[in-house]
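Visitor: when you get a sec, could you give me coordinates for this:
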Amino acid sequence: MGQLKIYFDYFIYLTSQQMDGASILLFIETSVLSVLLLYGLFFVYEKVTGRIINSNKKRALWLMAIYACFIFQIAFYRRLGMEKSAIHTRIYFGFRKWDGTVDEKQVVYSFLNVVFFIPWGFLIASALDNNYRRIVMTVFYSLITSLIIEVAQYFTRTGASEATDLVTNACGGFIGCLIYIVIKSVYTKINILKEGNV
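Guide: The predicted model follows:
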């Protein structure tokens with residue numbers, strides 16, 4: 001129980017640290033602007049090309065835009081600039097192989113990075129067509145998104161750029177994709193059974 005309490009305390013601490021200084025008003029404002037901008041882009045695209053964008057894809061992209069605004073809040077806006085940018089190339093999840101001990105804070109931090117990208121992976125997967133494409137492209141887009149965040153944090157000095165974050169974020173995206181595939185598969189089977197009983 002003592003060990004679980006350590007993890008729980010770090011979870012509460014790191015979560016509150018990540019959310020500290022976040023502005024709900026700014027999140028709402030940027031979300032509304034992003035949705036309106038996407039709406040305009042969809043309208044122009046459909047008028048110019050004559051192609052109608054699937055409503056499910058539109059919905060997925062709108063939700064992605066909103067979640068991207070949340071990512072912006074956590075990754076940049078609330079953070080204070082550091083005196084010097086830092087790059088950590090070592091992949092470290094909190095398990096010390098040299099002495100067998102565990103850095104509980106780093107374990108929880110890595111866990112939160114995975115969880116942080118699960119919704120992102122879910123939304124990316126919902127905008128794509130087949131399962132193979134979903135898995136490959138979701139991991140790829142999650143990795144690219146994470147890389148953009150790390151590079152931007154380096155140049156804006158709003159956080160250390162870490163290779164560990166790339167791995168954990170990509171894993172989170174992958175898990176989100178798998179969750180979407182499972183839910184869609186179950187939903188499809190239920191619909192087939194309902195149609196069969198009609």
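
Visitor: my reading is that Arg51 lies in a helix. Confirm?
Guide: No - applying DSSP: H, G, I helix; E, B strand; the rest coil, one finds Arg51 to be coil, outside a helix.

Visitor: how much space between it and Lys57?
Guide: 11 Å (Cβ to Cβ, to the nearest Å). In this view, the C-beta of every residue, glycine as well, is placed from N, C-alpha and C.

Visitor: please apply the same query to Asp9.
Guide: Asp9 is 42 Å from Lys57, by Cβ to Cβ.

Visitor: do Met64 as well
Guide: Counting by Cβ to Cβ - Met64 and Lys57 are separated by 10 Å.

Visitor: so which of Arg51 and Lys57 has more stuff around it?
Guide: The residue with more neighbours, out of Arg51 and Lys57, is Lys57; 14 against 9, by other Cβ atoms under 10 Å.

Visitor: hang on, that one packs against Ile124?
Guide: No - with contacts counted by Cβ atoms under 8 Å, Lys57 stays clear of Ile124, the gap being 11.3 Å.

Visitor: after the lowest-mean-pLDDT helix or strand in the chain, which helix or strand is next?
Guide: Counting by mean pLDDT, DSSP states H and E, the weakest-scoring helix or strand in the chain turns out to be strand 87-88, with a mean of 76. Following strand 87-88 in sequence order, the next helix or strand is helix 104-126 (DSSP states H and E).

Visitor: excluding its backbone neighbours, what's nearest the residue most central in space within the chain?
Guide: Centroid-nearest residue in the chain, with Cα atoms, centre = their mean: Phe117, separated by 2.6 Å. Nearest residue to Phe117, sequence neighbours excluded (Cβ to Cβ, 6 or more residues apart in numbering): Gly172, at 3.0 Å.

Visitor: and for Ile175?
Guide: Nearest one to Ile175, counting by Cβ to Cβ, 6+ apart, is Ile118 at 5.3 Å.

Visitor: burial measure for the one you found, as a count.
Guide: For Ile118, using other Cβ under 10 Å, the count is 21.

Visitor: distance of it relative to Trp62?
Guide: 19 Å.

Visitor: now the helices for this protein?
Guide: For the chain, the helices defined by DSSP state H occupy 2-19, 24-49, 55-72, 104-126, 131-156, 163-197.

Visitor: okay if I get the ones you listed as CSV plus mean pLDDT and distance to Phe95?
Guide: CSV is the format used below for the helices of the chain (pLDDT from 0 to 100; distance: least, Cβ to Cβ, whole Å):
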stretch, mean pLDDT, distance to Phe95
helix 2-19, 82, 14
helix 24-49, 93, 35
helix 55-72, 91, 27
helix 104-126, 93, 7
helix 131-156, 91, 21
helix 163-197, 91, 12
